[in-house]
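>>> Here you go, sequence then predicted model.
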Amino acid sequence: MNAAAQPFDARALRQVLGAFVTGVTVITTLDRNGKAHGLTANSFSSVSLDPPLILWSQSRSAPSHPVFREAERFVVNILADDQIEVANRFAHAGSDKFAGCVTRAGLGGVPLIQGCAAWLECRRIDSFPGGDHLVFLGQVERIERTAMQPLVFGGGKYLVAQPHDLGLMATPGGTNVARLKAVRLATRALVELSDDLDETLGLGVWGNKGPTIVRWEEASEPVSDNLRTGLVLPVLTSATGLAFAAWLPRQITQPFIEEELAQGLDLVRVEQELAQARASGIVRLVGSDRFTDLYGTSISAASVPVFDDSGQMVLALTAIGSSQRIDLSDGSPLVTGLRHCAAALSFRLGGRSPAQVASNDPVQAV
Ligand SMILES: Cc1cc2nc3c(=O)[nH]c(=O)nc-3n(C[C@H](O)[C@H](O)[C@H](O)COP(=O)(O)O)c2cc1C
């Protein structure tokens, strides 16, 4: 079809293509003189597992195109979510893209960029014309994955990959859509509460690996650099975990509790803690050294439950802070703010505490 006959323009096409979210790679190679070349590319895609084949495509007008057209080997460097600077650097024409960029030599000497989420070292086995691009088919010869999270690109922006709330919430009962709504509502509430209190707040859900933080809102003085979404916490020694242990049906939490008790925790003490949490409506964990490795300091935390209309706990709102700083006493702005926020969220979700469900009490506005 010629351009005049197309019922859409290039901008509309770009917008539609931007709805398909991708990772971000830098494809590297060496020219005949052994000079390194690289460009940012999101056209990368897997093709075949057996044999292992991948593809990517390059604009024929790219300055580096003659080099890639000739090159026998290339490396797909899958960028990590802290490598936006690398993505930008390799997306702009210039002779000095590798200056200050730490690399190591892979197969055939082709550079692997340090700090990536993964690498695929490939031999080019074919190329196909594709309009204004050339499609390269590569045979994968060596691979490596690191613990880094991949950088994401969609709608013309760099994005961060997070576990999907629906994927995480494997609890029986209630609809997944209702749970997603809960997370969306709570995310907004968390931002406001964190602004009001200037405390670090987390939003926990029950995932298939147990208590999982799906959102963090940081205070102006961050507790730690290690606050990441997807963080899975212990059930019996974290405030978020204890909240789920206190309010979720025991059949859901039991396998996790048993595993942790086997590590030497005292069941009687745990049950006392849970009973106290249920009675007071809040879990408090004061001065725990359990997370010093993770947060770099002794931590105090409080967690409150949010319920849906069946009386099931759907979320934990958790505040954490350095033990020297955070005030978890009853009536403190933090504890009051957490309680109000959780109650308001439960109300908006049509939520009722288990006690209300049992006594058939009407839902109360807060
Ligand atoms: C996120 C992103 C993805 C890109 N994907 C591709 C791609 O798949 N193929 C391509 O030819 N250019 C792509 N580009 C543009 C090239 O990175 C850019 O034109 C670069 O300057 C080409 O390198 P060179 O100038 O050294 O030839 C992309 C740019 C960005 C920011």
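Received the coordinates, thanks. Note that the coordinates shown come from a computational prediction; the quantities given were computed from them, not determined experimentally. Numbers count the residues shown, from 1 in each chain.
>>> Which neighbouring elements make contact with the lengthiest helix in the chain?
The longest helix of the chain (DSSP state H) is helix 176-197. Helices and strands touching helix 176-197, by 3 or more CB pairs under 8 Å, 6 or more residues apart in numbering; DSSP states H and E, are helix 165-168, strand 200-207, strand 210-217, strand 313-322, helix 333-348. Any C-beta I mention is one placed from the backbone N, CA and C, and that applies to glycine too.
>>> which residues sit in contact with residue 197?
Counting by CB atoms under 8 Å, 6 or more residues apart in numbering, residue 197 touches 219, 319, 333-334, 337.
>>> out of those residues, who's nearest the ligand?
residue 219 (32.5 Å; CB to the nearest ligand atom).
>>> Around the closest one, count how many other residues there are.
By the criterion of other CB atoms under 10 Å, residue 219 has 18 neighbours.
>>> quick revisit: for the helices and strands packed on helix 176-197, please prepare a markdown table with the additional fields mean pLDDT and distance to the ligand.
Listed next are the helices and strands packed on helix 176-197 as a markdown table, based on pLDDT from 0 to 100; distance: least, CB to the nearest ligand atom, whole Å:
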| stretch | mean pLDDT | distance to the ligand |
| --- | --- | --- |
| helix 165-168 | 51 | 25 |
| strand 200-207 | 92 | 30 |
| strand 210-217 | 91 | 26 |
| strand 313-322 | 92 | 34 |
| helix 333-348 | 92 | 37 |
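>>> CSV for these, including mean neighbour count?
Conversion of the helices and strands packed on helix 176-197 to CSV gives the following (neighbours: other CB atoms under 10 Å):
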stretch, mean neighbour count
helix 165-168, 16
strand 200-207, 25
strand 210-217, 22
strand 313-322, 26
helix 333-348, 19
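>>> Turn those into JSON lines, including distance to residue 94.
Putting the helices and strands packed on helix 176-197 into JSON lines (distance: least, CB to CB, whole Å) gives the following:
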{"stretch": "helix 165-168", "distance to residue 94": "40"}
{"stretch": "strand 200-207", "distance to residue 94": "40"}
{"stretch": "strand 210-217", "distance to residue 94": "36"}
{"stretch": "strand 313-322", "distance to residue 94": "44"}
{"stretch": "helix 333-348", "distance to residue 94": "49"}
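>>> near the ligand, which residues of the stretch 51-200 of the chain?
Residues of the stretch 51-200 of the chain found near the ligand (CB under 6 Å from any ligand atom) are 57-59, 62-64, 91-93, 153.
>>> what's the farthest-apart pair in these?
Largest separation among these by CB to CB: 63 and 153, giving 21.4 Å.
>>> Looking at the two, which is more packed in?
Neighbour count, other CB under 10 Å: between residue 63 and residue 153, residue 153 has more, with 21 against 12.
>>> From the contact counts, what lies against the one helix or strand the more buried one maps to?
Applying DSSP states H and E as the criterion places residue 153 in strand 151-154. In terms of contacts (3+ CB pairs under 8 Å, 6+ apart), strand 151-154 is packed against strand 22-23, helix 84-89, strand 157-160.
>>> highest average neighbour count across those?
Highest mean neighbour count of the helices and strands packed on strand 151-154: strand 22-23, a mean of 18 (counted as mean count of other CB atoms under 10 Å).
>>> For the helix or strand that that strand is followed by, name the packing helices and strands.
Sequence-wise, the next helix or strand downstream of strand 22-23 (DSSP H and E) is strand 25-30. The contact analysis (3+ CB pairs under 8 Å, 6+ apart) places strand 25-30 against strand 36-41, strand 53-59, helix 65-70, strand 73-78, strand 111-113.
>>> Export these as TSV, with columns for mean pLDDT.
Shown next, in TSV, are the helices and strands packed on strand 25-30 (pLDDT from 0 to 100):
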stretch	mean pLDDT
strand 36-41	98
strand 53-59	98
helix 65-70	98
strand 73-78	98
strand 111-113	98
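>>> I appreciate the help and will end here.
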